[in-house]
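Asks: what's the 3D shape of this:
(4 chains)
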Number of protein chains: 2
Amino acid sequence: MNAEADATPFPERRRPGGRSARVRAEVLAAVEQELAEHGYDGLTVDDVARRSGVHRTTIYRRWKTVDALLVALLEAGEDDTWAPADTGSLAADLTALNRELHASLAGTSPTGAVIAAAFRAPAAAAALTRFWDDRYQRSAAVVTRAVTRGEIPEDTDPDRVLMAATSPLFHQLVLRRQPMTPAEADRWAADAAAAAVAGIYRA
Amino acid sequence: MNAEADATPFPERRRPGGRSARVRAEVLAAVEQELAEHGYDGLTVDDVARRSGVHRTTIYRRWKTVDALLVALLEAGEDDTWAPADTGSLAADLTALNRELHASLAGTSPTGAVIAAAFRAPAAAAALTRFWDDRYQRSAAVVTRAVTRGEIPEDTDPDRVLMAATSPLFHQLVLRRQPMTPAEADRWAADAAAAAVAGIYRA
DNA sequence: TCCTAAAGGCGACGAATGTTGCGTTAAGAT
DNA sequence: ATCTTAACGCAACATTCGTCGCCTTTAGGA
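Replies: Model prediction:
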């Protein structure tokens, strides 16, 4: 989540210039830090204002709610160039996906805190959902490549393969909030690949 | 979630009697109704007090927070006699599990509202986690029965089978908040059973 | 350079949310 | 029947949260 570099300037021709952009960056950086330190429960507009040096009123006017702050932070961190790794085998591709996901969900990094918080704020949850949808769509390439290579049946359903590999990670790390070793994440990738090879996810 | 019948009386020998128990039942019932009507965001102590006829101060003193109200509601609804269906085949057993889970997670019933709310309140989330842990432990019988019948390999890992069947439901219905048809839930059960038969979840 | 208006800063206000002290009610014991 | 005290009701108070009116700053154009 790179809050300093704002990839999306203002669409309207208002005042994209110096102060507004600086205020925006400082506020989002403060949100990220507050989130990492105190979690979602300790995230208050007052604290963000104090840390960023921006007045409360300004934050309320520009973002309205704490939710919206999270949405902005999520959108600022989006990466339009992301693509799944291409290793040459379905199992290895899925393993790479799961390791990346595991690092995001299990880590105590700011990213992890943002993700954890987003599940508790309706608007932020919607933004995060769009993010995951995009990732899944891009990741479908992993399955179609495996089909092209002849690794798995032609009528394999990409969504089910990806879901089989990744949903246990979400379930255990996000919902049940229990730890998971990288080895376990790898195993879910391996299981999904093996099941796909066995033709279990055929349409 | 049956809030009227309180299965857990006070452990200390204080005053388990008439008024306290009645107050508790009325408050929990009010929480359940408020939750079903306005959702978690609209759940406020004041409204619960008005609906239940119990004074705000009393609620604050006995439960402290809105979170604790949810925890109490969850604990009041626990069913110690629950057991997974025993149909005679792994696929059918898993299907029964997934249908029950689907009804709980997808339904607009009070139960569904309580579950949805619990994911946004830390303490309630912990209580709900304990609930699911218990369910998974009981459900492992489904897999061990299949082993006994010779349906699947002896060294099949029950947890992985159950996780494969159920985690896609949580992922889609709770995290991504997207709809799922009962047929899709059935298919995840079928996929997990097929993979188990294929020996994919061997230790 | 000067002008305009959008954006930010400031303090005060109002509403909602919790807290506290004290009087009242009633459960359970004698 | 009477007594004791835990639990509840009540009202006033404190705090936090979000909003509003007004003034100041500054980006961007003439």
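
Asks: buried sites along the longest helix anywhere in chain A?
Replies: Using DSSP state H to define each element, chain A has its longest helix at helix A:122-148. By neighbour count with 16 or more other Cβ atoms under 10 Å in any protein chain shown, helix A:122-148 contains the buried residues A:123-125, A:127-128, A:131-132, A:135-136, A:139, A:142-143, A:145-147. For glycine as for every other residue, the C-beta is placed from the backbone atoms N, C-alpha and C.

Asks: What's the local residue count around A:D93?
Replies: A total of 23 residues lie near A:D93 under the criterion other Cβ atoms under 10 Å in any protein chain shown.

Asks: Isn't it up against A:A85?
Replies: Yes - at 6.1 Å, A:D93 counts as touching A:A85 under the criterion of Cβ atoms under 8 Å.

Asks: related to what we said a few turns ago, could you confirm whether the longest helix of chain A reaches DNA strand D?
Replies: No - under the criterion of Cβ under 7 Å from any atom of the strand, DNA strand D is not reached by helix A:122-148; the shortest gap measures 12.9 Å.

Asks: for chain A, what are the low-confidence residue spans?
Replies: A:1-19, A:108 (pLDDT under 70).

Asks: Helices of that one, residue ranges please.
Replies: For chain A, applying DSSP H gives helices covering A:18-38, A:45-52, A:56-63, A:66-76, A:90-106, A:110-118, A:122-148, A:158-170, A:182-197.

Asks: most tightly surrounded among those helices?
Replies: When those are scored by mean count of other Cβ atoms under 10 Å in any protein chain shown, the highest mean neighbour count falls to helix A:158-170 (a mean of 23).

Asks: ok so, going back, export the helices of chain A as a markdown table, with columns for distance to chain B.
Replies: Formatted as a markdown table, those follow (distance: least, Cβ to the nearest Cβ, whole Å):
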| stretch | distance to chain B |
| --- | --- |
| helix A:18-38 | 13 |
| helix A:45-52 | 17 |
| helix A:56-63 | 18 |
| helix A:66-76 | 10 |
| helix A:90-106 | 11 |
| helix A:110-118 | 10 |
| helix A:122-148 | 5 |
| helix A:158-170 | 4 |
| helix A:182-197 | 5 |
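
Asks: Tell me which of these approaches B:D186 most closely.
Replies: With Cβ to Cβ, the closest approach to B:D186 among the helices of chain A belongs to helix A:158-170: 13.1 Å.

Asks: Would you mind getting the angle between the closest one and helix A:182-197?
Replies: With axes from the mean of the first three to the mean of the last three Cα atoms, to 10 degrees applied, the angle from helix A:158-170 to helix A:182-197 works out at 160 degrees.

Asks: by contact count, what packs against helix A:158-170?
Replies: Here helix A:158-170 touches helix A:90-106, helix A:122-148, helix A:182-197, helix B:158-170, going by 3 or more Cβ pairs under 8 Å, 6 or more residues apart in numbering or on different chains; DSSP states H and E.

Asks: CA atoms only for the shortest one - export them in CSV, please.
Replies: Output in CSV follows, covering the C-alpha atoms of helix B:158-170 (Å, rounded to 0.1, in the frame of the first residue of the first chain):
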residue,chain,number,x,y,z
PRO,B,158,-10.6,-34.9,8.0
ASP,B,159,-9.8,-31.2,8.4
ARG,B,160,-8.8,-30.8,4.8
VAL,B,161,-11.8,-32.5,3.5
LEU,B,162,-14.2,-30.4,5.6
MET,B,163,-12.2,-27.2,4.7
ALA,B,164,-12.3,-28.0,1.0
ALA,B,165,-16.1,-28.4,1.2
THR,B,166,-17.0,-25.5,3.4
SER,B,167,-14.4,-22.7,2.9
PRO,B,168,-15.7,-21.7,-0.5
LEU,B,169,-19.0,-20.9,1.0
PHE,B,170,-17.5,-18.7,3.7
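
Asks: quick one: the most far-flung residue of chain A relative to its centre and A:M180, what's the gap?
Replies: Going by Cα atoms, centre = their mean, the residue of chain A most distant from its centre is A:G150, 31.0 Å out. Distance of A:G150 to A:M180, given as Cβ to Cβ, to the nearest Å: 32 Å.

Asks: got it, and A:G107?
Replies: To A:M180, A:G107 is 12 Å away according to Cβ to Cβ.

Asks: right, and A:L169 touches A:A185 too?
Replies: Yes - using Cβ under 8 Å, A:L169 is in contact with A:A185, at 5.9 Å.

Asks: Identify the contacts common to these two.
Replies: A:98, A:101-102 (Cβ atoms under 8 Å, 6 or more residues apart in numbering or on different chains).

Asks: Let me know whether A:I115 touches A:T129 as I believe.
Replies: No - using Cβ under 8 Å, A:I115 is not in contact with A:T129, being 11.6 Å away.

Asks: Make CSV from the helices of chain A and add distance to B:V31 to it.
Replies: Below are the helices of chain A laid out as CSV (distance: least, Cβ to Cβ, whole Å):
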stretch, distance to B:V31
helix A:18-38, 27
helix A:45-52, 28
helix A:56-63, 31
helix A:66-76, 24
helix A:90-106, 31
helix A:110-118, 25
helix A:122-148, 20
helix A:158-170, 28
helix A:182-197, 37
